[in-house]
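quick one, fold the following:
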Amino acid sequence: MPELADATVHLLDHFTKRAEVQGQGGLLDGEDPTVYNTADPLRIWIIQVGIIIMMTQLLSLGLRKIKQPRVISEILGGILLGPTALGRIPGFTNHIFPTASIPYLTLVANIGLCLFLFIVGLEIDASIIRRNARLSIVVSLAGILIPFGIGTAISNPLYKHFIDPSVHYPYFMLFVGVTYSITAFPVLCRILTELQLLDTTVGLIVLSAGVANDVVAWTLLALSVALVNATSGLTALWTFLVCVAFALVLLFPVKWIMLWLARKTGSTVNGPTMFYMTVVMIVLWASSFFTDVVGVNAIFGAFLVGVIIPREGGLAIALTEKLEDVVAILFLPLYFTLSGLKTDLGLLNNGAAWGFMFVLATLDFTGKFTSCTLSSRLLGFSWRESSTVGGLMSCKGLVELIVLNVGLSAGILNQRVFSMFVLDALILTFLTTPIVNLLYPPERRTRPGDAQATETGTPPGEGAKVIDDDQASLVVPDSHPSRRRFAVVLDTFDHMPGIMALTRLAVLPAHDDSNLSSTRKPEYQIDALRLIELSQRTSAVMKSSVADKLISTDPLLSVFKMFGEESDIPVSTSLAVVPYDEMAASVADHARRKASQLVLIPWLAPTASSSTSGGDAADPDTPGAKAESSNPFDSLFGSSSKADKSAAALQSQFIRGVLLQSKIDVAVFVDTGDRAGTRGPQHILCPFFGGPDDRLALDFVVQLCANPKISATVVKVTMGPVEATELQKPAEAIIDDGVHMTSFIGVQDSIYPHQNTESRLQSDTADNVLWARYTGMEKYTNGTRLQAALSRITFEELTTPVPLQALVQRVHEFRGPHRRVLVVTGRSRRSTTRYEEAKTVAEKYGYASGGSFELVRKTVGDVGCALLVSGAPNAMVVVQAGATSVSEA
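Numbers count the residues shown, from 1 in each chain. Alright, predicted model coming up:
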């Protein structure tokens, strides 16, 4: 029995210990989860990844405010986690980044690095070089050869002071030369896109030269690695020749096979299929394996596979979209952290080290800047443009870090020199954006199409005489100031019906062949701008770099061009990939460059039940102001964060930005969803309270009535008593006549300057002159197009203490005899507002709660808001006068 008992106890003890080993303990057992365990390295790996990602994201939030690329936060985050900063805390490195865990971290980081180089290869588009071959090759070669020579020169004293004599000097010299000659193409693309330089003359040449520089730099690095890893010069030569042969195999037969397979599987039409993605991954890792085993780093194989992927049908962009998030968020920060763990700025502990550091950075920047600037100047660019090219080409970033890590792994560089070059890359990349903004501000930028735009028309403010809106209305022209050049904004399919309806309204039908004696049929020009939001993803940058190709394939532009052809309207198209916060400025700049006379924007109005973050009534009505939000993290994550905002609120924020920044007249088409009768007869109601916006609305209505299918009623509204027989109170709109009207004379709009007595009298005089001109002009314009338009307009005057409710009543009255009633009104950015009455109407129709009322009012003004929330009109056009007068050609 004792033997049996002992055996039983031993067996139970064995199973208990086995279960304990398999479970490896846990937090509930009192174990520290951060203790590294070779049998379960996942725990410490998760902790490391969490710390790395949080550090990178926190730094990115701050650096994004000063327009710095993401790579800066990744490099800086790696340095801070290394021995330079947090590594000096006792036990931090041993506890969080123990030496035994580094191989696992390195493995994942290298997998991510291969995927990243594959994406870099996808970004390389040979057609970019071909379009600007002569310019790009000259700038690229100058930006490689001269810096390479400077690098080899500085390598001599650097080698003597800091490198062990056992290191072969020619290898060290080669690595320093390659480091100096490199331009970080991925970072360069991001900077060009964020600064909106891709469509400028400078952006085109820099992008082309950057692609060529990147290809040559990777070739030089491959040669350097082959020399270092080879046992003899002959072996290095054979290694390099094998790599060249392998590259040729990939670039021709394999590339053709990949294109054939993409077409066969439909990947060029509907995006990469699962089978095609599988083939791509197999080719990617097979190529990486081959280049690694022949003595060249695996990243070269990954890069070459990215280059051979077909660009047809946006396939390269679609592949990038599938990989970029996990690479950018997870893998790349790991690689930067590994570089940071090897970077110890504490080793720069004497004057000689810091002196060499200063010289390294100065010569690195000077070599690139001078060579690219002078070569650009010789090609015919101005000094400003040439210096901007030099500043952009001096950008370093990730590519230099890859070269440095290869050199450190090969024993060519030691930790001190490695740290010097890492700091050099950080400084030069950080300086790129401010240097470019200083040398090439937005107002100094030139685009290839600017000369053509100048020939077709002079943008307001450049050649035209700029006068005040009130003064413009005091000048009686010989003919009606018809607007014929329109800038149309396209953003989503939801807004396409609205923008088409507004365009059809603004353009006189082609079939109108009335024989009017005074003028020939006006010629119209529509400039359609397609807006795509620039996110932090690489695919968005790729889209911006191939915008000229996207113009021909973008579905919104294709639909609008077809609409133009069917309507016999000439349409020119443009595409802009810009950050959300800069979309409004992009529209204003586009309209200025195209010499547009009116900007057309659609808006889907929110319903009464919409819950939006429109803001409070107390806030001033500032067009273009950031949409209000109760999110306490807005100040940290960006004041224009789009979280918790409806589509209508986001579009409202964008529209208000355009209204604030545009110096050209703007028309907003408010789409209520009721599109019945858009091709038939329409009747327009135009309330005229006075002011620049209402004067523009009246001018626009006269232009619209040149269309024989459109008639209008213009009502001049003034405040005052009214006889009971003149105005009946509709049950759904009119409140008691004794409603208290609040005066807001002290509250001014941010666009208008503060009105004084003189400016108010001038505005009233302009109102009266315009009203008298149109009401008394018909008999003096016999046989003209203007006379025909005025004959379809009825002018009325209305005096009432409740103007908005009276207008609602009139619209309801028009809905009976007319199938479609359209309201055209000014946004009325006047100091005096009708806020209280507009709110009363909104309450009557259920719009006063949920933020919808404030959202609508801040977008279209008090008059437009009251009419819109009543549901009376089928649609509405709200106009705002710009800062310049319309050319009266």
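
need the pLDDT of Ala318.
pLDDT for Ala318: 92.

gap between it and Ser267?
Between Ala318 and Ser267 the computed distance is 8 Å (Cβ to Cβ, to the nearest Å). Every C-beta, even on glycine, is put in place using the N, C-alpha and C of the backbone.

and those two? which has more neighbours close in?
Set Ala318 next to Ser267 and count neighbours by other Cβ atoms under 10 Å: Ser267 wins out with 25 against 17.

same for the host helix or strand of Leu363, what does it pack against?
Taking DSSP states H and E as the criterion, Leu363 maps to helix 351-378. Packed against helix 351-378 by the contact rule (3 or more Cβ pairs under 8 Å, 6 or more residues apart in numbering; DSSP states H and E) you find helix 133-162, helix 169-181, helix 383-393, helix 415-439.

so how far is that helix off the chain centroid?
Relative to the centre of its chain, helix 351-378 is centred 32 Å away, using Cα atoms, centre = their mean, to the nearest Å.

report the buried residues of it.
By 16 or more other Cβ atoms under 10 Å, the buried positions in helix 351-378 come out as 353, 356-357, 360-361, 363-365, 367-373, 375-377.

same thing with stretch 238-248?
Those would be 239-240, 242-243, 246-247, for stretch 238-248 by 16+ other Cβ under 10 Å.

tell me the mean pLDDT over that stretch?
89.

now tell me what touches stretch 533-547 from outside.
Where contact means Cβ atoms under 8 Å, 6 or more residues apart in numbering, the residues beyond stretch 533-547 that reach it are 70, 119, 122-123, 125, 128, 186, 189-190, 192-194, 198-199, 207, 311, 316-317, 320-321, 324-325, 328, 532, 550, 575-580, 583.

inside strands: which ones of those residues?
When DSSP state E is applied, these are split such that 532, 575-578 fall in strands.

and these as CSV, adding distance to Arg679, pLDDT and neighbour count?
Converted to CSV, these look like this (distance: Cβ to Cβ, whole Å; pLDDT from 0 to 100; neighbours: other Cβ atoms under 10 Å):
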residue, distance to Arg679, pLDDT, neighbour count
Ile532, 31, 89, 19
Leu575, 29, 89, 23
Ala576, 31, 88, 20
Val577, 34, 86, 24
Val578, 34, 86, 21
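
in JSON lines, list those along with distance to Ala226.
Listed next are these as JSON lines, based on distance: Cβ to Cβ, whole Å:
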{"residue": "Ile532", "distance to Ala226": "42"}
{"residue": "Leu575", "distance to Ala226": "42"}
{"residue": "Ala576", "distance to Ala226": "43"}
{"residue": "Val577", "distance to Ala226": "39"}
{"residue": "Val578", "distance to Ala226": "43"}
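
the residues you listed: which two are farthest apart?
Maximum pairwise distance among the ones in strands among the contacts of stretch 533-547 (Cβ to Cβ): 10.2 Å, between Leu575 and Val578.

quickly list what's touching both of the two.
Counting by Cβ under 8 Å, 6+ apart, the shared contacts of Leu575 and Val578 are Ile532.

now do the helices in the stretch 501-650 of the chain.
Counting by DSSP state H, counting those that start in this stretch, the stretch 501-650 of the chain has helices at residues 538-545, 547-553, 555-566, 583-593, 634-637, 647-661.

SS state for Trp771?
Under DSSP: H, G, I helix; E, B strand; the rest coil, the three-state class of Trp771 is helix.

just the helices in the stretch 1-150 of the chain please.
Counting by DSSP H, counting those that start in this stretch, the helices of the stretch 1-150 of the chain are 2-23, 42-64, 70-81, 92-96, 102-123, 126-131, 133-162.

buried set for the third one?
Going back to what we said before, that points to helix 70-81. In helix 70-81, counting by 16+ other Cβ under 10 Å, buried: 70-79, 81.

can you check what angle separates that helix from helix 415-439?
Counting by axes from the mean of the first three to the mean of the last three Cα atoms, to 10 degrees, helix 70-81 lies at 150 degrees to helix 415-439.

closest to Gly861 out of the helices of the stretch 1-150 of the chain?
Using Cβ to Cβ, the helices of the stretch 1-150 of the chain put helix 42-64 closest to Gly861, at 34.1 Å.

go through that closest one and flag the buried ones.
Within helix 42-64, the residues scored as buried using 16+ other Cβ under 10 Å are 43-45, 47-49, 51-53, 55-56, 59-60, 63-64.

which residues are contacting that helix?
Counting by Cβ under 8 Å, 6+ apart, 33-37, 70, 72-74, 76-77, 80-81, 96-98, 101, 104-105, 108, 329-330, 333-334, 336-337, 636-638 sit against helix 42-64.

report the contact partners of Ser419.
343-345, 347-348.

distance of it from Leu330?
26 Å.

returning to that earlier point: pLDDT of the helix holding Leu363, averaged?
Helix 351-378 shows a mean pLDDT of 94 in the predicted model.

likewise stretch 713-723?
77.

kindly report the same for stretch 702-709.
The average pLDDT for stretch 702-709 rounds to 89.

show the contacting residues for Leu575.
529-530, 532, 547, 550-551, 554, 557.

redo that, cut-off 10 Å
By Cβ atoms under 10 Å, 6 or more residues apart in numbering, the residues touching Leu575 are 199, 490, 528-532, 543-544, 546-552, 554, 556-557.

against Leu531, how distant is it?
For Leu575, the distance to Leu531 - Cβ to Cβ - is 8 Å.

and for these two, which residues touch both?
The overlap between the contact sets of Leu575 and Leu531 (Cβ under 10 Å, 6+ apart) consists of 490, 556.

mind telling me what element the nearest residue to Val668 once chain neighbours are set aside is part of?
Distances taken as Cβ to Cβ, 6 or more residues apart in numbering place Val878 nearest to Val668, at 4.7 Å, with adjacent residues excluded. Using DSSP H and E, Val878 sits in strand 875-880.

can you spell out which helices and strands pack onto that strand?
With contacts taken as 3 or more Cβ pairs under 10 Å, 6 or more residues apart in numbering; DSSP states H and E, strand 875-880 sits against helix 496-506, strand 598-604, helix 647-661, strand 665-671, strand 682-688, helix 692-704, strand 821-826, helix 852-869.

Phe300 is nearest to which of the ones you listed?
Per Cβ to Cβ, nearest to Phe300 of the helices and strands packed on strand 875-880: helix 647-661, 43.7 Å.

could the C-alpha coordinates of the closest one be exported in PDB?
C-alpha atoms of helix 647-661 as PDB (Å, rounded to 0.1, in the frame of the first residue of the first chain):
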ATOM      1  CA  ALA A 647     -22.900  63.700 -44.100                       C
ATOM      2  CA  ALA A 648     -25.000  66.900 -44.200                       C
ATOM      3  CA  ALA A 649     -23.000  68.400 -41.400                       C
ATOM      4  CA  LEU A 650     -19.700  67.600 -43.100                       C
ATOM      5  CA  GLN A 651     -20.900  69.000 -46.400                       C
ATOM      6  CA  SER A 652     -22.200  72.100 -44.600                       C
ATOM      7  CA  GLN A 653     -18.700  72.600 -43.000                       C
ATOM      8  CA  PHE A 654     -17.100  72.300 -46.400                       C
ATOM      9  CA  ILE A 655     -19.600  74.700 -48.000                       C
ATOM     10  CA  ARG A 656     -19.100  77.300 -45.300                       C
ATOM     11  CA  GLY A 657     -15.400  77.000 -45.800                       C
ATOM     12  CA  VAL A 658     -15.800  77.800 -49.500                       C
ATOM     13  CA  LEU A 659     -18.100  80.700 -48.700                       C
ATOM     14  CA  LEU A 660     -15.500  82.100 -46.400                       C
ATOM     15  CA  GLN A 661     -12.500  81.700 -48.600                       C
END
